[in-house]
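Peer 1: What would the 3D arrangement of this be:
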Amino acid sequence: MSPATHLFRIDGATATPFRRASMTTEGLMELQHLERWIVAHPEIMGGNVRIVTQQFDRWATSGGQVAADRLDVLGLDATGQLVVVELKRDGDKRVHLQAVTYAALVAGFTKETLGIVHAEFLNKSKPDTPITPEAALALLTEHVEGEWGDELLTRPRIVLIAERFPSQVLTTVSWLTELAPSDLAIQCIEVAVFREPEPADQLCATFQQIFPIDDMTDRILGPTADRGGSGVSVELAERTRRQRSVPLIVDNNLIPRGASLQLNLGTLLRPDWVSEVESWIAEEPDRGAVTWLEDRQKPLRWAYRPDVEAWSATKLAQHIVELATGQARTFSGPDAWTYQGETLFWIADRFSKANEAGAL
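Peer 2: Next up is the predicted model:
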């Protein structure tokens, strides 16, 4: 965060400034504090991230050579992309080099290995309720929207979080992402500590992404050229675009709370599967009763399962198909649910294009 940024407590016409502090002067530590904040609030990293593990340091070659590098936090985005997080309390001109190394190491993970690591992480935090690697992998698989193949694990996203980023870091990060714009995603997020005015005198922290700047590449017009890119990168980009549909709809009030949604699988599944699902839904009215909740992650409520408070668009659609056909199918929820005849993806995409046209 720029030193020129100011934070105020507002009371009507009175604005009282917060005092800028630092983690060091306030006795806040990297592992005991900053890392715990990130693990407790993974939304800081953007997207829909589930924490897989933290402080992972078991790397070895098939020949027995080991490395003691310790990864701060590993997450899994709902797109199926791994998220490598490197934290610094102050600033470090080598933070990006460490993170790139971790990303290369993490790219060797398989889903089975992730299940083992995630089970270990969960069992440390809740030893009274042990979980198997198979069950942990099922939790990760459930978190991912749509089909999840091992090839998606080879392109991890890098998130650097620090109080400040030296020019060497930002220069190198910008250069790397320009070299491989479709294959390498790096975010720099600055954390700033403030102390609230008296009498509260309470500490607070802000997190602001400074690179890339507010996704400016999505806003600035200019000549375009096809840069190519691997099939995995294209798939991740498409998954990210679809995953953003629900947050975009919620943030812009494009569907009113309590509105009814319909399941339309005509373009996603074979006709005989679609018929099975439609017949199953027709057997009981509650099976087709789905309403909008205006939640960025789980926007749907299903009358047939009142014990479940909310569902994500993809998980509910896939669950209904599995109940109706007896087999699991993978597809995108934003393409399956419709409101007034339009899919969630189409509603969000139309709104985005209208905004782009309005900016011209």
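
Peer 1: From Thr16, how far off is the nearest residue to Gln202 once chain neighbours are set aside?
Peer 2: Among residues not flanking Gln202 along the chain, Glu196 sits closest, at 4.4 Å (Cβ to Cβ, 6 or more residues apart in numbering). For the C-beta atoms, the positions are set from N, CA and C on the backbone; glycine is no exception. Distance check for Glu196 against Thr16: by Cβ to Cβ, to the nearest Å, it reads 9 Å.

Peer 1: Over to Ala303?
Peer 2: Distance of Ala303 to Thr16, computed by Cβ to Cβ: 48 Å.

Peer 1: Let me know the next secondary structure element after the helix or strand bottoming out on mean pLDDT in the chain.
Peer 2: Ranked by mean pLDDT, DSSP states H and E, the weakest helix or strand in the chain is helix 231-243, scoring a mean of 65. Remark: after helix 231-243, the chain's next helix or strand is helix 245-251, criterion DSSP states H and E.

Peer 1: May I see the buried residues of that following helix?
Peer 2: 245-250 (16 or more other Cβ atoms under 10 Å).

Peer 1: how many neighbours does Ala328 have?
Peer 2: Ala328 has 9 neighbouring residues, counting by other Cβ atoms under 10 Å.

Peer 1: Quick check: buried residues in stretch 279-293?
Peer 2: For stretch 279-293, the neighbour count (16+ other Cβ under 10 Å) marks 280-281, 287-288, 290, 292-293 as buried.

Peer 1: Report the mean confidence score over that stretch.
Peer 2: For stretch 279-293, mean pLDDT is 96.

Peer 1: follow-up on the earlier one: let's have the buried residues of stretch 279-293 in a markdown table, adding distance to Tyr102.
Peer 2: Below are the buried residues of stretch 279-293 laid out as a markdown table (distance: Cβ to Cβ, whole Å):
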| residue | distance to Tyr102 |
| --- | --- |
| Trp280 | 46 |
| Ile281 | 46 |
| Arg287 | 45 |
| Gly288 | 46 |
| Val290 | 41 |
| Trp292 | 39 |
| Leu293 | 37 |
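
Peer 1: Give me the subset of those residues lying in helices.
Peer 2: 280-281 (DSSP state H).

Peer 1: Now do the shared contacts for Glu196 and Thr16.
Peer 2: Listed as contacting both Glu196 and Thr16 by Cβ atoms under 8 Å, 6 or more residues apart in numbering are Arg9.

Peer 1: more crowded one of those two?
Peer 2: Between Glu196 and Thr16, counting by other Cβ under 10 Å, Glu196 is the more crowded of the two (16 against 11).

Peer 1: Max pairwise distance over the buried residues of helix 245-251: which two?
Peer 2: Taking Cβ to Cβ as the measure, the buried residues of helix 245-251 reach their widest spread between Ser245 and Val250, a distance of 9.7 Å.

Peer 1: rewinding a little: what is the nearest of the buried residues of stretch 279-293 to Ala104?
Peer 2: Among those, and counting by Cβ to Cβ, the member closest to Ala104 is Leu293, at 40.1 Å.

Peer 1: did I read that right, Asn355 in a helix?
Peer 2: Yes. Assessed by DSSP: H, G, I helix; E, B strand; the rest coil, Asn355 belongs to a helix.

Peer 1: Kindly tell me how buried it is, as a neighbour count.
Peer 2: By other Cβ under 10 Å, the residues close to Asn355 number 12.

Peer 1: so what pLDDT did the closest residue in space to Ala185 that isn't next to it in sequence get?
Peer 2: Once flanking residues are discounted, Ala185 sits nearest to Arg157: 4.5 Å by Cβ to Cβ, 6+ apart. The confidence metric pLDDT takes the value 94 at Arg157.

Peer 1: Tell me the spacing between Arg157 and Arg242.
Peer 2: Applying Cβ to Cβ, the value for Arg157 to Arg242 is 17 Å.

Peer 1: Now Gln187: which helix or strand?
Peer 2: Here Gln187, judged by DSSP H and E, is contained in strand 186-195.

Peer 1: Does anything pack onto that strand? Which helices or strands?
Peer 2: If contacts are counted by 3 or more Cβ pairs under 8 Å, 6 or more residues apart in numbering; DSSP states H and E, strand 186-195 sits against strand 19-20, strand 157-162, helix 167-179, strand 203-211.

Peer 1: Could you save these as JSON lines and add columns showing distance to Ala259 and mean neighbour count?
Peer 2: Shown next, in JSON lines, are those (distance: least, Cβ to Cβ, whole Å; neighbours: other Cβ atoms under 10 Å):
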{"stretch": "strand 19-20", "distance to Ala259": "44", "mean neighbour count": "14"}
{"stretch": "strand 157-162", "distance to Ala259": "33", "mean neighbour count": "24"}
{"stretch": "helix 167-179", "distance to Ala259": "39", "mean neighbour count": "14"}
{"stretch": "strand 203-211", "distance to Ala259": "32", "mean neighbour count": "15"}
